[in-house]
Every structure is written in C-alpha cells, then in structure tokens.
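Colleague: here is my input, please return the structure:
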Amino acid sequence: MKSYVQEICREIVKPSSETPHHLRTLRLSYLDQLVPSFYVPLLFFYKADELRGLTTFNHGQISQKLKQSLSSTLTSFHPLAGSIKDNTIVDSNDSGVEFVEARVNTQLMAAIRELDTENLKQYLPVDPTSGEERTLMVVQVTFFNCGGIAIGVCMPHQVADFASIMAFINTWAATCRGEAEHPSVSFNLASYFPPRDFPESDFWQSSSATNEKFVTKRFVFDEKKLGVLLESAASSVKNPTRVEVVSAFIWKQFRKMEPGKTFAAGHAVNLRPRTRPSHLLENVSGNCFVLKFAFAKTGKYEGVDEFHDLVSELRSTIRTVNDEYIQKSQGTGESSYLKDLFFTSPLVLKGDLELCGFSSWCGFPVYKVDYGWGCPFWFCTTALAAKNSTVLVDSKDGRGIEAWVNVKRDNVEMLETQVNLLSSFESCIQS
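Modeller: Predicted coordinates:
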C-alpha cells in the first residue's frame, strides 16, 4: 500500500556568512554550458538509531541541525546558493537553498520495499522530470514514524557533476556531525575550459523531449550476474571492469529493443584523474567531464554483434580521453571534445542516431555519508530526466551494481527478462 508524504514546512536556508564581493560572479565553463538544466536526484535513507539520537522524539532537533550545518556549508559552496544567468555565469547572491520538512505515516523499511520510482519521488523536494525550477539546489528531510529519515537532495546538473555533488554532501555531513571540515574545492573550471558563444541547439532537448512514455527502473546486477558478464567479456578484453560490462550489456539491450535504429553509447568520463599532473583538476567543482560516444561496428542491430565486441568498443572509446585529449579540449581554440560533439549532434537531431547515455557513480563513498546518525541503510537515485539514460551505483555490499535505467515503458518487460536470464549464458549474452 502506497504511503503519502505530508509536507510540514518549507523555508529558505542561506549561507551563514555573506559571499565576498570578489567571489560573487562565477563564470560557467563551456563544459557546464553544454549540460542540460535539470536536477540530479539523490536519496539517502537512515534507519532509526536510539544510541545515536535518531528517534521519533527529536525530529525537530534533527531538522535544526541539518539546516544549521547546511547554512555553514554553503559558505564554502556559495554558487549553490546563487542563480544562473544567461547560461554564462552563476551569481552567488546568497539567495539560499529551499529546505523542506515532511513526514510520512509508514515504516522506513516498508517504504524501501516499494521500489517504484513514482513512490520514491515523493521523498524528493521537487520532481526531477517535471522541469519545475526552484532554488538552484533543493533539499527535503522526511521523517518516518519508526524514527528513521530520508534526506533527498536535488542538485543542479548545470553547475555540478556527481564528483562535485559528493564533495558538497560529504562536507555537509561532516559539518553536521561536528567535525571541522575545510574543503579543498575550487570553482575555476572556466579557467581551463572558458565559456563559449554556442548557437541555439535542440541537441540536449532532443535527449529528453519525447511524446513516448519513459519510466526509470532499477536493475540489480549481483555477483553472479556480474560473473557471467565478466567471464563473457574476458574472452577478448583483458580484465574487464564491472562498469564496462554492465554498460555494454545495457547498450546491447537498447539495440535489440529498437532494431530499426542505430544506437550509440554515450559514456560520461571524469577528467580529474586523467590529467597530468594528476592534481591539476583534482579539487575543481563543476562539470569536469566529457561525454564520449561509442559506435557499434555493424551500425543497426543485425544480431551479429558479440557482447565482448561492445565491451571492447566502449573501453577503447573511453581510453581516448587522456591528457593529450584534455589539453586539446582546453582554451578557446579548436576543441577535440567539441569536434566529437559536433560530429554526433547533427546525426541525433536528424533522427539518424539514438543515444543511450551512461553515468557511473561507482567508487564514490555514498554509503559513508554520516550526518551523525550512522551510515545510510540505502542510497539511490530515482526518476531520470534524460531518455535512454542509465546511472550505475555500487550496491551496499560493494560487490554488485544497481543500474537505474530510463527506458520506454513498452520495453521494460523485455529488459527485465534479459537481466533475469543472465544466469543462462546462451540466452542473453550471445543472442
């Protein structure tokens, strides 16, 4: 039975100190400019813990502590309390972050068992698929009648990739639990990738605007399923990774579900660990990534592509993003990344190419985010705004992967069948 969340109050939390005048205007990098303006949804669920003070009797105190620590944290992450202007700058005007308190008359464990994205969305302060705009960042804390809580955060993708989001979340959590945290974060991504005057384009809108019905579903790849994929890929790819094989598997399924279309896999690639020297972009905040496109050799699906070929194609494509590629994408001159992007975008706009996008959040310490009441029992995302998109997250035990896939409603059953059949090697890998 679905439980409904009741909003208690809604207020604006501002930074605890004013942003200095010389920091008020932040230029967006061209990598930021290229990202569509939608919210990235995150949900952290915490079970009641009487010893740590997470009970039904102190919800007011918990809310106050979260707001005070959020206010303090925003002084170091001042762009998140500002507003975007003309797709070129962030005005760090200290306008603040919307903070919602809510309650739901159910047990936390019962809510988690209802793994429907429509149900999970009510623990967020805004529907990330609605296009509704609130403050740049929006937060909601939901109190369960068992004493547990959910912390939902909607972050603006146009100013933060997942690495930047986690830098903020970890700092906020450390501040809340009373630890002195001085984040080594810089907002100078535009110094490396200066903003550009891009012509009007419907490229990113085409990845989300559609008359067809899409739904985000969660698919769990446990150790057994991953073992099947890794063994199959290892026949021609040395030491394949979990992210590579799950991405290639889902890419293959998209191609099978839409046999009349050509699907490319667009994989987000974090630039920070790929630069030389390695510390150059290590602590930079913003969208410090590129989207690399992998193309199957046979084009339209003809039933002849081997799974390991797709893994190999993904790997070789991602590995082209090295220090030389990054350097050639910086500055104001010709950009290797823009050259790739401008080759792909006309094909998408003409309908000659479909994209299935992948973003890996694996390896980030999402299960160590402790606000003072212990680590989360479960972390997830929910409804995704971009069609044919997939977010990969480590399972709680660290050995599996949860894939959140935005897929046509009519194709959900087919994808579910293929994932469930992974134990049957011939059924879903080779076909």
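
Colleague: helices of the stretch 201-350 of the chain, start to end?
Modeller: 203-206, 223-233, 242-257, 307-318, 323-327, 336-349 (DSSP state H, counting those that start in this stretch).

Colleague: who's in contact with the third one?
Modeller: By CB atoms under 8 Å, 6 or more residues apart in numbering, the list of residues contacting helix 242-257 from outside reads 221, 226, 229-230, 232-233, 237, 261, 263, 265, 267, 294, 296, 301, 305, 307, 310-311, 313-315, 354, 356, 358, 360, 362, 388, 390, 392, 401, 403, 405, 407-408, 411, 414-415, 418, 429. Every C-beta, even on glycine, is put in place using the N, C-alpha and C of the backbone.

Colleague: output the helices of the stretch 201-350 of the chain in JSON lines, with mean neighbour count and distance to Cys154 appended to each entry.
Modeller: Conversion of those to JSON lines gives the following (neighbours: other CB atoms under 10 Å; distance: least, CB to CB, whole Å):
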{"stretch": "helix 203-206", "mean neighbour count": "15", "distance to Cys154": "18"}
{"stretch": "helix 223-233", "mean neighbour count": "19", "distance to Cys154": "30"}
{"stretch": "helix 242-257", "mean neighbour count": "24", "distance to Cys154": "25"}
{"stretch": "helix 307-318", "mean neighbour count": "20", "distance to Cys154": "28"}
{"stretch": "helix 323-327", "mean neighbour count": "16", "distance to Cys154": "30"}
{"stretch": "helix 336-349", "mean neighbour count": "16", "distance to Cys154": "26"}
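
Colleague: right, so of those helices, which gets closest to Leu31?
Modeller: Leu31 lies closest to helix 336-349 among the helices of the stretch 201-350 of the chain, at 8.0 Å (CB to CB).

Colleague: what's that closest one packed up against?
Modeller: helix 203-206, strand 289-295, strand 354-360 (3 or more CB pairs under 8 Å, 6 or more residues apart in numbering; DSSP states H and E).

Colleague: name every strand pairing with the second one and say which way it goes.
Modeller: Right, the one you point to is strand 289-295. strand 263-270 (antiparallel) (DSSP bridges).

Colleague: now the strand it pairs with, how far from the centre of its chain.
Modeller: In terms of CA atoms, centre = their mean, to the nearest Å, the centre of strand 263-270 is found 13 Å from the chain centre.

Colleague: for the closest residue to Leu347 other than its chain neighbours, give me the pLDDT.
Modeller: Excluding the flanking residues, the one nearest Leu347 by CB to CB, 6 or more residues apart in numbering is Leu353, at 3.8 Å. Per-residue confidence (pLDDT) for Leu353: 90.

Colleague: how about the one 5 residues further on?
Modeller: pLDDT recorded at Phe358 is 97.

Colleague: swap in the one 5 residues further on?
Modeller: Note on Gly363: pLDDT of 96.

Colleague: surely it and Gly398 touch.
Modeller: No: Gly363 is beyond contact range of Gly398, at 9.6 Å (criterion: CB atoms under 8 Å).

Colleague: I'd like the helices of the stretch 201-350 of the chain written out as TSV, with mean pLDDT and distance to Ser95 added.
Modeller: Compiled in TSV, these are given as follows (pLDDT from 0 to 100; distance: least, CB to CB, whole Å):
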stretch	mean pLDDT	distance to Ser95
helix 203-206	56	25
helix 223-233	94	45
helix 242-257	96	37
helix 307-318	95	38
helix 323-327	96	34
helix 336-349	91	32
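
Colleague: let's have those in TSV, adding distance to Val138.
Modeller: Output for these, formatted as TSV (distance: least, CB to CB, whole Å):
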stretch	distance to Val138
helix 203-206	21
helix 223-233	35
helix 242-257	29
helix 307-318	32
helix 323-327	32
helix 336-349	29
